[in-house]
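Undergrad: task: produce atomic coordinates for the following.
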Amino acid sequence: MGMIGGGPGAFIGAVHRTAAAMDGLIELVCGSFSSDPGKSKQMGEQLALPSERVYGNYEEMIRKESEMPENERMDFVSIVTPNHVHFGPAKMAMEAGFDVVMDKPMTFDLAEAKQLKEIVERTGRLLCLTHTYSGYPMIKEAKQQVKSGSIGKVRKIFVTYPQGWLHSFLEGSDQKQASWRTDPSRSGIAGAMGDIGTHAFNLAEYITGLKVTALCAQINIVVEGRKLDDDGAVFLQFDNGATGLLVASQVLTGEENNLTIKVYGEKGGLEWTHADANSLLLKWPDAPMQTLRAGTGYLSDAAKHNTRTPSGHPEGFLEAFANHYRNFVLCVIAREKGEQAKEEWLDFPTVDDGVRGMAFIENVIASGRSEQKWTRFEV
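TA: Predicted structure coming up:
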């Protein structure tokens, strides 16, 4: 693996490196870790990489790696830069013959996302988008419960993502994450809805297998002086007639990161919350509520495949990231061997999820600015 971004002080770069290394399938061999060549070199030294495999910019890295013998160069690249530096490296890497893992949201805007989808189709490269939460084993189990019909036809979906870290004007300080995530020139047209709303949207569609067809959004800027939304709510309509509500806010003072989703069907309901990620609640009209637990033998094969430890040993954020990396790399290896990838390996977010995520951002912001109650979900 090569890495673009993730230099000194970058929280998400360390997360990706840890997750990629977890299963012993991936080795970090090169990187362009910062737009500042000095900081890139500093990060390379910290990671004990050979100095000749630490590059001053991503263009140099992709070009030089592609010129190396096939058995020596990187096999794929992980892109962990701010949103406005996603498309360029991904495009160049795939056109040079490299597969790509990248952080979400996939691109700066929907136009770039559609173009990236065309590049994936043209080059035949694999792209994994790290929507973390769909990597949790009990989210995999929730998807299987819906797919099996155990709760019946889905009627209602509630997904809430409360955070409080931006309850004050943090971008006015030297806080690196706040500075770029609230900057339209680097983050795009959305703040909270792009940063965490896309996770909530992805989870709703992933678990249920449904697609949003229309929405009605209220988008707010609560903290004075902020340039992008930090709070909002969205009514949703799905392609089977179900309705839902999505709430994403980063100004709920005291909240940490407790993403929660509830899905109700004709026969029963289910609930998952990030605060207790190893549990999945199943609710019935004529029986006591059930609690399914990660690591147990009664779960689906999909949940078992994405679990590393026995029951009672909590797995979390890093392991969910690692599940995406492992499944992606198992598919890369299968392709190189000319073998068919197993169904559970193929279960990672792709460019299609990235396009829908960018469409969600643009549709939500447009709806929030409109006086019209409902707007069609356009991709």
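Undergrad: just how off-centre is the lowest-mean-pLDDT helix or strand in the chain within its chain?
TA: Using mean pLDDT, DSSP states H and E, the weakest-scoring helix or strand in the chain turns out to be helix 176-181, at a mean of 92. For helix 176-181, the gap between its own C-alpha mean and the chain's C-alpha mean amounts to 18 Å (Cα atoms, centre = their mean, to the nearest Å).
Undergrad: put the alpha carbons of the helix or strand following that helix into PDB.
TA: From helix 176-181 onward toward the C-terminus, using DSSP states H and E, the following helix or strand is helix 184-187. Extracted in PDB, the C-alpha atoms of helix 184-187 (Å, rounded to 0.1, in the frame of the first residue of the first chain):
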ATOM      1  CA  PRO A 184     -16.000  25.400   1.800                       C
ATOM      2  CA  SER A 185     -12.900  25.600  -0.400                       C
ATOM      3  CA  ARG A 186     -11.700  22.300   1.100                       C
ATOM      4  CA  SER A 187     -14.800  20.500   2.400                       C
END
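Undergrad: distance from helix 184-187 to the middle of the chain?
TA: That offset, for helix 184-187, works out to 18 Å (Cα atoms, centre = their mean).
Undergrad: what is the mean pLDDT for whichever helix or strand comes after it?
TA: Next along the chain after helix 184-187, taking DSSP H and E as the criterion, comes helix 192. Averaging pLDDT along helix 192 yields 97.
Undergrad: stretch 287-307 too?
TA: Average pLDDT, stretch 287-307: 97.
Undergrad: now stretch 58-78
TA: Averaging pLDDT along stretch 58-78 gives 97.
Undergrad: coming back round to it: which residues are contacting the least confident helix or strand of the chain?
TA: By Cβ atoms under 8 Å, 6 or more residues apart in numbering, the residues outside helix 176-181 that reach it are 9-11, 82, 165-166, 170-171, 186-187, 191, 195. Heads up, the C-betas are built off the backbone N, CA and C, glycines and all.
Undergrad: could I have the buried ones of these as PyMOL selection syntax?
TA: Selecting the buried subset of these in PyMOL, with 16 or more other Cβ atoms under 10 Å as the burial test, is done by:
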select buried, resi 10+82+165+166+170+171+187+191+195
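Undergrad: now, which of the contacts of helix 176-181 sits nearest Gln372?
TA: Top of the list for closeness to Gln372, among the contacts of helix 176-181 and by Cβ to Cβ, is Gly191 at 22.3 Å.
Undergrad: so who does that closest one touch?
TA: Gly191 neighbours (Cβ under 8 Å, 6+ apart): 181-182, 221, 226-230, 250.
Undergrad: could you do Leu299 as well?
TA: With the criterion set at Cβ under 8 Å, 6+ apart, Leu299 makes contact with 137, 141, 292, 307.
Undergrad: recalculate using a threshold of 7 Å.
TA: 141, 292 (Cβ atoms under 7 Å, 6 or more residues apart in numbering).
Undergrad: tell me the secondary structure of it, please.
TA: Of the three states, Leu299 takes coil according to DSSP: H, G, I helix; E, B strand; the rest coil.
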